[in-house]
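**Q** give me the fold of what follows.
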Amino acid sequence: MTVVGLDDTDSRERGMCTTYVAATIARALQRDGATVSRLLLIRLNPAVEYKTRGNAALAIHTDADPAVAFDRAREHLATLAETADERTHPGLVVADSDPEAVPDSVSEFTTRAIRDHLEIDDARELCARYDYRTWHVGDGRGRIGALAAIGAWNGLSEWTYEHISYRDSERWGTPREVDTESVFAAAESAYPTVWDTVDRGEYDPVCVPHTPGPILHGIRGDDADAVRTVAERIESEPVASSQLFVTNQGTDSHLRDATGESLATAQDGHAYRLEGRVATEPETRRGGHVFVTLEDEDNTEPDGSNRARLECAAFEPTKRFRDRVRALRVGDRLTVCGEVARGTLKLEKFAVRDLVETERVTPQCPDCERTMKSAGRNQGYRCRDCGTSTPGKREVTLERDLETGWYEVPPCARRHIAKPLVRGGFDGPTQPER
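**A** Below is the predicted model:
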(Lines give C-alpha, C1' and ligand atoms only; values in the text may rest on other atoms or scores of the structure.)
Protein backbone atom coordinates (compact mmCIF):
# COMPACT_ATOMS: atom_id res chain seq x y z
CA MET A 1 0.00 0.00 0.00
CA THR A 2 0.93 3.62 -0.54
CA VAL A 3 -0.18 6.74 1.32
CA VAL A 4 -0.11 10.06 -0.53
CA GLY A 5 -0.28 13.20 1.65
CA LEU A 6 -0.74 16.74 0.35
CA ASP A 7 -1.51 20.19 1.70
CA ASP A 8 -1.54 23.95 1.04
CA THR A 9 -2.76 24.25 -2.55
CA ASP A 10 -5.46 26.91 -2.19
CA SER A 11 -5.63 30.68 -1.86
CA ARG A 12 -7.96 33.00 0.02
CA GLU A 13 -8.37 35.21 -3.02
CA ARG A 14 -7.75 32.89 -5.98
CA GLY A 15 -9.68 29.88 -4.77
CA MET A 16 -8.84 26.22 -5.47
CA CYS A 17 -9.35 23.53 -2.82
CA THR A 18 -6.99 20.80 -1.64
CA THR A 19 -9.88 18.31 -1.56
CA TYR A 20 -10.35 18.89 -5.29
CA VAL A 21 -6.65 18.35 -5.95
CA ALA A 22 -6.72 15.09 -3.96
CA ALA A 23 -9.82 13.87 -5.78
CA THR A 24 -8.18 14.67 -9.13
CA ILE A 25 -5.05 12.73 -8.18
CA ALA A 26 -7.15 9.79 -7.00
CA ARG A 27 -8.99 9.65 -10.33
CA ALA A 28 -5.68 9.76 -12.21
CA LEU A 29 -4.37 6.82 -10.18
CA GLN A 30 -7.54 4.86 -10.89
CA ARG A 31 -7.13 5.54 -14.62
CA ASP A 32 -3.66 4.05 -14.25
CA GLY A 33 -5.29 0.87 -12.97
CA ALA A 34 -4.66 1.39 -9.26
CA THR A 35 -7.23 0.94 -6.52
CA VAL A 36 -7.99 3.82 -4.18
CA SER A 37 -9.44 2.54 -0.91
CA ARG A 38 -10.21 5.91 0.71
CA LEU A 39 -9.45 9.61 0.84
CA LEU A 40 -8.90 11.30 4.19
CA LEU A 41 -9.71 14.95 4.91
CA ILE A 42 -7.85 15.97 8.06
CA ARG A 43 -8.58 19.27 9.78
CA LEU A 44 -5.48 20.55 11.55
CA ASN A 45 -5.08 23.17 14.28
CA PRO A 46 -7.62 25.91 13.46
CA ALA A 47 -5.48 28.46 15.33
CA VAL A 48 -2.57 28.30 12.86
CA GLU A 49 -2.17 31.83 11.51
CA TYR A 50 -1.04 30.91 7.99
CA LYS A 51 -4.00 28.65 7.23
CA THR A 52 -6.39 29.54 4.42
CA ARG A 53 -9.86 28.60 5.66
CA GLY A 54 -10.37 25.23 7.30
CA ASN A 55 -6.70 24.17 7.50
CA ALA A 56 -7.31 20.84 5.77
CA ALA A 57 -4.70 18.28 4.71
CA LEU A 58 -5.50 15.30 2.49
CA ALA A 59 -4.37 11.69 2.24
CA ILE A 60 -4.98 9.12 -0.49
CA HIS A 61 -4.77 5.42 0.39
CA THR A 62 -3.95 3.39 -2.72
CA ASP A 63 -2.23 0.25 -3.97
CA ALA A 64 -0.42 2.25 -6.66
CA ASP A 65 3.35 1.89 -6.86
CA PRO A 66 4.86 4.63 -4.63
CA ALA A 67 6.98 6.02 -7.46
CA VAL A 68 3.98 6.19 -9.81
CA ALA A 69 1.79 7.75 -7.11
CA PHE A 70 4.48 10.34 -6.40
CA ASP A 71 4.80 11.29 -10.08
CA ARG A 72 1.05 11.58 -10.61
CA ALA A 73 0.56 13.64 -7.46
CA ARG A 74 3.45 15.96 -8.24
CA GLU A 75 2.14 16.48 -11.77
CA HIS A 76 -1.33 17.54 -10.61
CA LEU A 77 -0.06 19.61 -7.69
CA ALA A 78 2.21 21.57 -10.00
CA THR A 79 -0.74 22.24 -12.33
CA LEU A 80 -3.55 22.93 -9.85
CA ALA A 81 -1.97 24.57 -6.79
CA GLU A 82 -2.46 28.35 -6.63
CA THR A 83 1.25 29.09 -6.35
CA ALA A 84 0.74 32.57 -7.83
CA ASP A 85 -0.37 33.47 -4.30
CA GLU A 86 2.83 34.08 -2.35
CA ARG A 87 1.19 32.60 0.76
CA THR A 88 0.56 29.22 -0.92
CA HIS A 89 3.39 26.72 -0.36
CA PRO A 90 2.22 23.24 -1.45
CA GLY A 91 3.79 20.11 -0.07
CA LEU A 92 3.67 16.45 -1.05
CA VAL A 93 4.72 13.41 0.99
CA VAL A 94 4.43 9.80 -0.22
CA ALA A 95 4.91 6.84 2.12
CA ASP A 96 5.52 3.26 0.98
CA SER A 97 3.42 1.82 3.80
CA ASP A 98 0.05 0.47 4.83
CA PRO A 99 -1.93 3.28 6.51
CA GLU A 100 -2.22 1.14 9.65
CA ALA A 101 1.54 0.51 9.73
CA VAL A 102 2.69 4.14 9.69
CA PRO A 103 5.24 4.63 12.52
CA ASP A 104 3.87 5.87 15.82
CA SER A 105 6.15 8.92 15.66
CA VAL A 106 4.38 10.00 12.46
CA SER A 107 0.96 9.45 14.03
CA GLU A 108 2.06 11.48 17.05
CA PHE A 109 3.08 14.19 14.58
CA THR A 110 -0.54 14.14 13.34
CA THR A 111 -1.91 14.75 16.82
CA ARG A 112 0.56 17.58 17.36
CA ALA A 113 -0.42 19.16 14.03
CA ILE A 114 -4.07 19.17 15.17
CA ARG A 115 -3.40 20.62 18.62
CA ASP A 116 -0.11 22.46 18.38
CA HIS A 117 2.16 24.50 16.10
CA LEU A 118 4.90 22.75 14.13
CA GLU A 119 7.85 23.88 12.02
CA ILE A 120 8.88 22.78 8.55
CA ASP A 121 12.02 21.22 10.00
CA ASP A 122 9.85 18.94 12.16
CA ALA A 123 8.31 17.46 9.03
CA ARG A 124 11.55 17.41 7.07
CA GLU A 125 13.34 15.40 9.77
CA LEU A 126 10.64 12.74 10.01
CA CYS A 127 10.36 12.40 6.23
CA ALA A 128 14.13 11.86 6.00
CA ARG A 129 14.08 9.36 8.86
CA TYR A 130 11.58 7.12 7.09
CA ASP A 131 12.81 7.78 3.56
CA TYR A 132 9.48 9.26 2.42
CA ARG A 133 9.37 10.83 -1.01
CA THR A 134 8.70 14.58 -0.81
CA TRP A 135 8.17 17.53 -3.13
CA HIS A 136 7.30 21.15 -2.47
CA VAL A 137 7.04 24.67 -3.84
CA GLY A 138 8.25 27.77 -2.02
CA ASP A 139 9.20 27.07 1.56
CA GLY A 140 7.23 23.82 1.45
CA ARG A 141 5.16 24.56 4.52
CA GLY A 142 2.54 22.20 3.06
CA ARG A 143 4.79 19.27 3.98
CA ILE A 144 3.66 19.72 7.59
CA GLY A 145 0.03 19.00 6.71
CA ALA A 146 0.98 16.36 4.14
CA LEU A 147 2.93 14.37 6.73
CA ALA A 148 0.14 14.83 9.28
CA ALA A 149 -2.28 13.33 6.75
CA ILE A 150 0.09 10.35 6.30
CA GLY A 151 -0.15 9.51 10.01
CA ALA A 152 -3.84 10.21 10.52
CA TRP A 153 -5.33 6.77 9.91
CA ASN A 154 -3.06 5.20 12.51
CA GLY A 155 -3.24 8.18 14.87
CA LEU A 156 -6.92 9.06 15.09
CA SER A 157 -9.81 6.91 16.24
CA GLU A 158 -13.01 8.88 15.54
CA TRP A 159 -14.20 9.46 11.98
CA THR A 160 -17.08 11.09 10.15
CA TYR A 161 -17.81 11.59 6.44
CA GLU A 162 -18.15 14.40 3.94
CA HIS A 163 -19.51 14.04 0.42
CA ILE A 164 -18.25 16.94 -1.70
CA SER A 165 -19.75 17.87 -5.08
CA TYR A 166 -17.63 19.93 -7.46
CA ARG A 167 -18.53 22.50 -10.10
CA ASP A 168 -17.60 22.58 -13.75
CA SER A 169 -14.35 24.55 -13.95
CA GLU A 170 -15.96 27.10 -16.27
CA ARG A 171 -18.27 28.11 -13.40
CA TRP A 172 -15.57 28.66 -10.79
CA GLY A 173 -15.74 32.17 -9.41
CA THR A 174 -19.36 32.70 -10.48
CA PRO A 175 -22.45 32.61 -8.19
CA ARG A 176 -23.53 29.08 -7.37
CA GLU A 177 -26.95 27.94 -8.60
CA VAL A 178 -28.36 25.86 -5.74
CA ASP A 179 -32.04 25.63 -4.82
CA THR A 180 -32.18 26.56 -1.14
CA GLU A 181 -35.54 24.88 -0.47
CA SER A 182 -34.21 21.58 -1.80
CA VAL A 183 -31.19 21.88 0.50
CA PHE A 184 -33.42 22.35 3.55
CA ALA A 185 -35.67 19.47 2.51
CA ALA A 186 -32.72 17.15 1.95
CA ALA A 187 -31.19 18.19 5.28
CA GLU A 188 -34.41 17.51 7.15
CA SER A 189 -34.74 14.05 5.62
CA ALA A 190 -31.48 12.78 7.12
CA TYR A 191 -31.07 14.77 10.35
CA PRO A 192 -29.46 14.00 12.80
CA THR A 193 -27.33 11.41 10.97
CA VAL A 194 -26.40 14.20 8.56
CA TRP A 195 -25.63 17.48 10.34
CA ASP A 196 -24.57 21.07 9.70
CA THR A 197 -26.08 21.07 6.23
CA VAL A 198 -28.20 24.14 6.98
CA ASP A 199 -28.74 26.70 9.72
CA ARG A 200 -32.48 26.87 10.32
CA GLY A 201 -32.29 29.87 12.62
CA GLU A 202 -30.50 31.99 10.01
CA TYR A 203 -32.13 30.24 7.02
CA ASP A 204 -28.64 29.61 5.66
CA PRO A 205 -27.60 26.62 3.50
CA VAL A 206 -24.22 26.39 5.19
CA CYS A 207 -23.15 23.42 3.07
CA VAL A 208 -22.82 25.80 0.09
CA PRO A 209 -19.58 27.84 0.31
CA HIS A 210 -19.13 31.45 -0.79
CA THR A 211 -15.49 31.15 -1.86
CA PRO A 212 -14.37 31.19 -5.52
CA GLY A 213 -13.18 27.57 -5.44
CA PRO A 214 -14.49 24.43 -7.14
CA ILE A 215 -16.83 23.13 -4.40
CA LEU A 216 -20.56 23.26 -5.11
CA HIS A 217 -21.63 21.83 -1.73
CA GLY A 218 -20.30 19.56 1.00
CA ILE A 219 -22.53 17.25 3.07
CA ARG A 220 -21.30 16.04 6.46
CA GLY A 221 -22.53 13.27 8.68
CA ASP A 222 -21.98 9.99 10.46
CA ASP A 223 -22.92 7.65 7.61
CA ALA A 224 -21.37 7.48 4.15
CA ASP A 225 -24.56 6.45 2.33
CA ALA A 226 -26.61 9.12 4.09
CA VAL A 227 -24.32 12.03 3.10
CA ARG A 228 -24.27 10.78 -0.49
CA THR A 229 -28.06 10.52 -0.60
CA VAL A 230 -28.54 14.04 0.77
CA ALA A 231 -26.13 15.41 -1.84
CA GLU A 232 -28.06 13.69 -4.60
CA ARG A 233 -31.36 15.21 -3.43
CA ILE A 234 -30.13 18.80 -3.78
CA GLU A 235 -31.31 20.60 -6.91
CA SER A 236 -28.54 22.68 -8.44
CA GLU A 237 -26.39 23.46 -11.43
CA PRO A 238 -24.77 20.33 -12.95
CA VAL A 239 -22.34 18.47 -10.71
CA ALA A 240 -19.07 17.95 -12.57
CA SER A 241 -17.72 15.32 -10.13
CA SER A 242 -17.98 14.24 -6.51
CA GLN A 243 -15.93 12.51 -3.86
CA LEU A 244 -16.52 10.91 -0.47
CA PHE A 245 -13.98 11.74 2.24
CA VAL A 246 -13.35 10.10 5.60
CA THR A 247 -12.61 12.93 8.01
CA ASN A 248 -12.02 14.09 11.57
CA GLN A 249 -14.53 16.90 11.12
CA GLY A 250 -17.05 17.22 13.91
CA THR A 251 -14.92 15.34 16.45
CA ASP A 252 -13.38 18.03 18.71
CA SER A 253 -9.98 16.40 18.14
CA HIS A 254 -8.38 19.85 18.39
CA LEU A 255 -9.33 20.33 22.05
CA ARG A 256 -6.81 19.79 24.83
CA ASP A 257 -8.60 18.51 27.93
CA ALA A 258 -7.48 20.83 30.73
CA THR A 259 -10.44 20.26 33.03
CA GLY A 260 -9.26 20.14 36.62
CA GLU A 261 -6.36 22.46 35.78
CA SER A 262 -6.02 26.19 36.37
CA LEU A 263 -7.27 28.62 33.73
CA ALA A 264 -3.67 29.86 33.69
CA THR A 265 -2.95 26.73 31.63
CA ALA A 266 -4.52 28.33 28.56
CA GLN A 267 -2.05 29.63 25.97
CA ASP A 268 -2.59 31.47 22.72
CA GLY A 269 -2.75 29.34 19.61
CA HIS A 270 -4.28 26.27 21.25
CA ALA A 271 -7.83 25.05 21.86
CA TYR A 272 -9.02 23.77 25.22
CA ARG A 273 -11.73 22.27 27.34
CA LEU A 274 -11.55 24.16 30.66
CA GLU A 275 -13.57 24.64 33.83
CA GLY A 276 -14.28 27.80 35.77
CA ARG A 277 -16.77 30.01 37.54
CA VAL A 278 -18.33 33.13 36.04
CA ALA A 279 -16.58 36.11 37.62
CA THR A 280 -18.17 39.07 35.81
CA GLU A 281 -21.54 39.93 34.35
CA PRO A 282 -21.64 39.37 30.56
CA GLU A 283 -20.82 42.51 28.60
CA THR A 284 -21.90 43.32 25.05
CA ARG A 285 -19.24 45.42 23.35
CA ARG A 286 -18.99 47.35 20.13
CA GLY A 287 -19.83 45.18 17.13
CA GLY A 288 -22.22 43.00 19.12
CA HIS A 289 -19.51 40.77 20.61
CA VAL A 290 -20.31 39.39 24.06
CA PHE A 291 -17.57 38.90 26.68
CA VAL A 292 -17.60 37.18 30.05
CA THR A 293 -14.76 36.39 32.43
CA LEU A 294 -14.18 33.05 34.15
CA GLU A 295 -12.07 32.45 37.22
CA ASP A 296 -10.65 29.34 38.82
CA GLU A 297 -12.97 27.77 41.33
CA ASP A 298 -10.21 27.03 43.82
CA ASN A 299 -7.62 29.40 45.20
CA THR A 300 -5.10 29.41 48.01
CA GLU A 301 -5.76 32.94 49.30
CA PRO A 302 -8.97 33.60 51.29
CA ASP A 303 -9.70 36.78 49.34
CA GLY A 304 -9.23 35.06 45.97
CA SER A 305 -6.57 37.57 44.92
CA ASN A 306 -4.42 34.97 43.19
CA ARG A 307 -7.26 33.26 41.35
CA ALA A 308 -6.51 32.91 37.61
CA ARG A 309 -8.98 34.47 35.21
CA LEU A 310 -9.71 33.96 31.50
CA GLU A 311 -11.82 36.18 29.27
CA CYS A 312 -14.25 34.30 27.01
CA ALA A 313 -16.02 35.71 23.97
CA ALA A 314 -19.00 34.96 21.76
CA PHE A 315 -18.34 37.02 18.66
CA GLU A 316 -21.06 38.52 16.47
CA PRO A 317 -20.95 35.73 13.84
CA THR A 318 -22.13 33.26 16.51
CA LYS A 319 -25.53 35.01 16.31
CA ARG A 320 -28.11 33.58 18.75
CA PHE A 321 -25.43 31.79 20.77
CA ARG A 322 -24.62 35.21 22.25
CA ASP A 323 -27.96 35.18 24.05
CA ARG A 324 -26.86 32.03 25.88
CA VAL A 325 -23.75 33.86 27.07
CA ARG A 326 -25.74 36.95 28.03
CA ALA A 327 -27.93 34.73 30.24
CA LEU A 328 -24.98 33.75 32.46
CA ARG A 329 -24.71 35.12 36.01
CA VAL A 330 -21.78 35.61 38.34
CA GLY A 331 -21.20 32.36 40.21
CA ASP A 332 -22.39 29.97 37.49
CA ARG A 333 -20.02 26.99 37.07
CA LEU A 334 -19.06 26.19 33.48
CA THR A 335 -17.05 23.95 31.22
CA VAL A 336 -15.93 25.96 28.17
CA CYS A 337 -14.45 24.86 24.84
CA GLY A 338 -12.62 26.97 22.30
CA GLU A 339 -9.42 28.43 20.92
CA VAL A 340 -7.39 30.99 22.85
CA ALA A 341 -6.15 34.03 20.93
CA ARG A 342 -4.73 37.23 22.43
CA GLY A 343 -5.62 35.96 25.87
CA THR A 344 -9.30 35.42 25.05
CA LEU A 345 -11.05 32.07 24.59
CA LYS A 346 -13.30 32.09 21.52
CA LEU A 347 -16.29 30.06 22.66
CA GLU A 348 -17.34 27.11 20.51
CA LYS A 349 -19.57 25.54 23.15
CA PHE A 350 -20.03 25.54 26.90
CA ALA A 351 -21.72 23.43 29.54
CA VAL A 352 -23.51 24.86 32.55
CA ARG A 353 -22.62 22.65 35.50
CA ASP A 354 -24.28 24.64 38.31
CA LEU A 355 -26.58 27.65 38.06
CA VAL A 356 -26.87 30.39 40.64
CA GLU A 357 -30.55 30.13 41.55
CA THR A 358 -30.88 32.73 44.30
CA GLU A 359 -29.54 36.20 45.04
CA ARG A 360 -29.46 38.40 48.12
CA VAL A 361 -31.29 41.72 47.71
CA THR A 362 -31.97 44.76 49.85
CA PRO A 363 -35.20 44.06 51.82
CA GLN A 364 -38.47 45.97 51.47
CA CYS A 365 -40.37 47.41 54.40
CA PRO A 366 -43.24 45.02 55.28
CA ASP A 367 -45.48 47.99 56.12
CA CYS A 368 -44.95 50.52 53.31
CA GLU A 369 -43.13 48.24 50.80
CA ARG A 370 -40.42 50.81 50.23
CA THR A 371 -36.82 49.69 49.87
CA MET A 372 -35.02 49.85 53.19
CA LYS A 373 -31.74 51.70 53.66
CA SER A 374 -28.56 50.54 55.35
CA ALA A 375 -28.55 51.32 59.05
CA GLY A 376 -24.74 51.37 59.11
CA ARG A 377 -21.93 48.90 58.97
CA ASN A 378 -23.07 45.53 60.34
CA GLN A 379 -26.31 47.11 61.63
CA GLY A 380 -28.75 45.71 59.08
CA TYR A 381 -31.41 47.73 57.25
CA ARG A 382 -34.05 50.21 58.43
CA CYS A 383 -37.10 51.87 56.88
CA ARG A 384 -36.66 55.60 57.35
CA ASP A 385 -40.41 56.22 57.18
CA CYS A 386 -41.78 53.42 59.35
CA GLY A 387 -38.80 52.74 61.57
CA THR A 388 -38.96 48.98 60.98
CA SER A 389 -35.67 47.11 60.70
CA THR A 390 -34.20 43.80 59.57
CA PRO A 391 -30.78 42.26 60.31
CA GLY A 392 -29.66 41.81 56.68
CA LYS A 393 -30.47 41.25 53.04
CA ARG A 394 -33.12 38.75 52.03
CA GLU A 395 -32.67 35.85 49.61
CA VAL A 396 -34.91 35.63 46.52
CA THR A 397 -35.25 33.02 43.80
CA LEU A 398 -33.87 33.89 40.36
CA GLU A 399 -35.68 33.07 37.15
CA ARG A 400 -33.05 31.72 34.76
CA ASP A 401 -33.19 31.37 30.97
CA LEU A 402 -30.58 28.59 31.10
CA GLU A 403 -30.62 25.03 32.33
CA THR A 404 -27.70 22.81 33.21
CA GLY A 405 -26.20 21.16 30.14
CA TRP A 406 -24.38 21.94 26.89
CA TYR A 407 -24.91 24.90 24.54
CA GLU A 408 -23.18 25.49 21.20
CA VAL A 409 -22.70 28.01 18.42
CA PRO A 410 -25.13 27.58 15.49
CA PRO A 411 -24.13 25.72 12.29
CA CYS A 412 -23.41 29.00 10.48
CA ALA A 413 -20.58 29.68 12.95
CA ARG A 414 -19.32 26.15 13.56
CA ARG A 415 -15.71 25.28 12.90
CA HIS A 416 -15.15 22.24 10.69
CA ILE A 417 -13.44 20.30 13.45
CA ALA A 418 -15.83 21.24 16.29
CA LYS A 419 -18.21 18.48 17.41
CA PRO A 420 -21.93 19.30 17.05
CA LEU A 421 -23.97 18.44 20.14
CA VAL A 422 -26.36 16.37 18.05
CA ARG A 423 -23.59 13.78 17.55
CA GLY A 424 -23.92 12.84 21.22
CA GLY A 425 -21.39 11.56 23.70
CA PHE A 426 -21.46 14.64 25.92
CA ASP A 427 -21.41 14.50 29.70
CA GLY A 428 -24.74 16.19 30.30
CA PRO A 429 -28.00 17.25 28.64
CA THR A 430 -27.57 19.03 25.30
CA GLN A 431 -29.31 21.85 23.48
CA PRO A 432 -28.34 21.21 19.83
CA GLU A 433 -28.50 24.08 17.35
CA ARG A 434 -30.06 23.34 13.96
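**Q** what about the longest strand in this protein?
**A** Looking only at the chain and at elements set by DSSP state E, the strand with the highest residue count is strand 344-354.
**Q** centre of the chain versus it, how much separation?
**A** Centroid displacement of strand 344-354 relative to its chain, using C-alpha atoms, centre = their mean, to the nearest Å, is 13 Å.
**Q** where do the helices sit along the stretch 251-400 of the chain?
**A** Ranges of helices in the stretch 251-400 of the chain, per DSSP state H, counting those that start in this stretch, are 321-326.
**Q** low pLDDT regions in it?
**A** Across the stretch 251-400 of the chain, residues meeting the criterion (pLDDT under 70) sit at 299-305.
**Q** ok, W406 to P317 distance?
**A** 20 Å (C-beta to C-beta, to the nearest Å). Placement of C-beta: from N, CA and C, glycine included.
**Q** scratch that, R324 is what I was asking about
**A** Remark: distance between R324 and P317 (C-beta to C-beta) = 15 Å.
**Q** the more surrounded of those two?
**A** Legend: neighbour count by other C-beta atoms under 10 Å for R324 and P317, higher for R324 (23 against 13).
**Q** now the strands for the stretch 51-200 of the chain?
**A** In chain order, the stretch 51-200 of the chain shows strands spanning 56-62, 91-95, 133-136, 160-166, 194-195, with DSSP state E, counting those that start in this stretch as the criterion.
**Q** and stretch 307-322, how far from the chain's centre?
**A** On C-alpha atoms, centre = their mean, the centre of stretch 307-322 falls 15 Å from that of its chain.
**Q** quick one: contacts of that stretch?
**A** The contact list for stretch 307-322 (C-beta atoms under 8 Å, 6 or more residues apart in numbering) reads 201-202, 262-264, 266, 274, 276, 279, 284, 287-296, 299, 301, 324-325, 336, 338, 340, 343-347, 350, 407-410, 412-413, 433.
**Q** quick check: end-to-end length of it?
**A** By C-alpha to C-alpha, to the nearest Å, the extent of stretch 307-322 from end to end equals 26 Å.
**Q** can you check stretch 42-61 too?
**A** End-to-end distance for stretch 42-61: 13 Å, by C-alpha to C-alpha.
**Q** neighbouring contacts of stretch 59-76?
**A** Under C-beta under 8 Å, 6+ apart, the answer for stretch 59-76 is 1-6, 21-22, 24-26, 28-29, 32, 34-40, 42, 92, 94-96, 99, 133, 135, 149-150, 152-153.
**Q** measure E108 to A327 for me?
**A** Per C-beta to C-beta, E108 is found 41 Å from A327.
**Q** check E295 too.
**A** Counting by C-beta to C-beta, the separation of E295 from A327 is 19 Å.
**Q** what segments of the stretch 101-250 of the chain are helices?
**A** Ranges of helices in the stretch 101-250 of the chain, per DSSP H, counting those that start in this stretch, are 104-115, 120-129, 142-155, 180-190, 224-233.
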